[in-house]
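Colleague: Structure, please.
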Amino acid sequence: MGRSGAALRLALEGNIAVGKSTFLRLLGRAFPSWQRAAEPVERWRGVAAGAAQGGNLLQRLYRDPQRWAFTFQTFSCLGRLQTQLERPEGPVRVSERSVYSDRYVFAKSLFEAGQLDALEWAVYQECHSFLVGQLGARTAPHAFLYLRASPQRCLERLRSRARPEERDVTLQYLQQLHEQHERWLLQRSAE
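Modeller: Residues are numbered from 1 along each chain as shown. Next up, the predicted model:
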């Protein structure tokens, strides 16, 4: 528990297929009282649209990032904030990724690759800054745990787990994400 008696909040960060979910499972075995919040992949795969299922947002992002990057990143950011606002169930909560990697790694990579245009990037940053500014004290991690592997190793793991949505993920994309993680977490360069 933190000094205020609140749960200690940790964010588990790293590239796609670096082993975050596996690490969360191992933490669960070692520390059963810790709350673990995995990325909501199933939620991204089945976004409700009115009374019907709207479809697989993760798949749409990977197939047509130019069209779906803003929608996905906005949905992802809101979902991460919702998870962080849930009442902790133990002395420690470990979340797979944070609203900070959402912005400083994933959304930023999409912008730099031209898949978010300047207006979308400005709107995303404005919303992110406002939400984090309003909720930051209740949602900010106390620490980041960075799992690190080469982009090549992540691609091997990604191919072996064989999620249909990730079929078109390239080594170049994983390299971009790796570089963003390195700049943000090791070089402390957010902008």
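Colleague: Buried residues in the strand or helix carrying Leu119, which are they?
Modeller: Here Leu119 sits within helix 118-139, counting by DSSP states H and E. Counting neighbours by 16 or more other C-beta atoms under 10 Å, one finds that the buried residues in helix 118-139 are Glu120, Trp121, Tyr124, Gln125, His128, Leu131, Val132, Thr139. Every residue, glycine included, has its C-beta placed from N, CA and C.
Colleague: List the residues that contact the nearest residue to the third one once chain neighbours are set aside.
Modeller: Taking C-beta to C-beta, 6 or more residues apart in numbering as the measure, Tyr124 lies nearest to Ala107, with 5.6 Å between them; neighbours along the chain are not counted. Taking C-beta atoms under 8 Å, 6 or more residues apart in numbering as the criterion, Ala107 is in contact with Ala69, Gln73, Cys77, Leu116, Trp121, Tyr124, His128.
Colleague: what does Leu78 give?
Modeller: Leu131.
Colleague: How confident was the prediction at it?
Modeller: Leu78 carries a pLDDT value of 90.
Colleague: how far away is it from Ala48?
Modeller: Between Leu78 and Ala48 the computed distance is 14 Å (C-beta to C-beta, to the nearest Å).
Colleague: Tell me which residues of the helix or strand harbouring Leu177 come out buried.
Modeller: If you go by DSSP H and E, Leu177 is part of helix 171-181. For helix 171-181, the neighbour count (16+ other C-beta under 10 Å) marks Tyr173, Leu174, Gln175, Gln176, Leu177, His178, Glu179, Gln180, His181 as buried.
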